[in-house]
Structures are given as structure tokens and as C-alpha cells.
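# requesting a structural model of the entry that follows:
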Amino acid sequence: MSVTLKERGEGIISTKNTNIEVNQFAVFWIDLPPVKEIPNLQSGVKPCVVVSNNACNKYSPVITVVPITSSRQKRDLPTHREFDKLEREEIGLTRDSTLLGETIRTVGKDLILGKIGNLNNTAKRKAISALKVQLGMV
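Below is the predicted model:
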């Protein structure tokens, strides 16, 4: 997988590591497995925001994440949140980036390829807002 990341110009070379420290609102490269029953679900190597709580992140072999896409072809949904240039730079993302709040996934820590960065406070509020819409909490 590290070759794929390097070829995409992301400059991240990493290997799968289950001992990596995972915190809520950290952003990682994750190798999302395809789901045959849901063909439109994000898959492949994607940046993802960890949204599971830190107790889960510490003790569980799985984490809950929300993928980020650089695709401009996604429909504008109420669960999407775009990160502006300053937010992307602070996080460590190099491309246009939209959080896809409707695609919450639980994945094994063994699918983590490497850390990108952390959401700043503004980006955290955007992520929380998208999750509240998706979960009907507004």
C-alpha cells in the first residue's frame, strides 16, 4: 500500500501497525475494504477522521472513522463538510477535502497505514456538525 500512496504524490510511506496511538479527531490513511453489497461506499486508501471515543480507541481493536474525499464529483449533501485551505494545511492534507459524514465506518486498526495529522477546532466542529446531521441529532 505504501507504493500507492507514494505514487499518488502524498509522500507518506508506512506499514500497517496495530500498536499505533489513535486519538479522536486524528486523521489517518486507512485502507478501506470494499463492501460488495454497497458499491457506492468509499473504499481503497483514503484519509479518514477517527470519530470513536478515546477509551474505545485505546482498548478496542476497531475504530470508527469517517472518510474524506478529494473528489469534486460528489453530490453536495447535508452531511458533507468541506475543509478550507487553512484547515487542510493544518491537518496535513494537500488536496481539496470533503468529509463524507454519511459514510461512517468501523474498521480494524490493522487497516491504518499512517497518520496525516489532527483536526483543528474549526474542523472538529464541522465534523461534529456532519455527524449530528447524519445521526438525526439536530
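# which one is residue 124 nearest to, not counting chain neighbours?
residue 25 (5.3 Å; C-beta to C-beta, 6 or more residues apart in numbering). All C-beta atoms are positioned from the backbone trio N, CA, C, and that covers glycine.
# contact partners for the one you found?
Listed by C-beta atoms under 8 Å, 6 or more residues apart in numbering, the contact set of residue 25 reads 49, 50, 51, 118, 119, 123, 124, 127.
# got phi/psi on the closest residue to the fourth one other than its chain neighbours?
When you say that, I think you mean residue 118. Closest residue to residue 118 apart from its sequence neighbours, by C-beta to C-beta, 6+ apart: residue 26 at 5.2 Å. When quoted as degrees, to the nearest 10, the phi and psi of residue 26 stand at phi -80, psi 150.
# quick check: phi and psi at residue 110.
phi -70, psi -10.
# now the element after the one helix or strand in the chain whose mean pLDDT sits lowest, going C-ward?
Within the chain, judged by mean pLDDT, DSSP states H and E, the helix or strand with the poorest mean is helix 2-7; its value is a mean of 40. Sequence order places strand 26-32 as the next helix or strand after helix 2-7, per DSSP states H and E.
# many thanks, have a good one.
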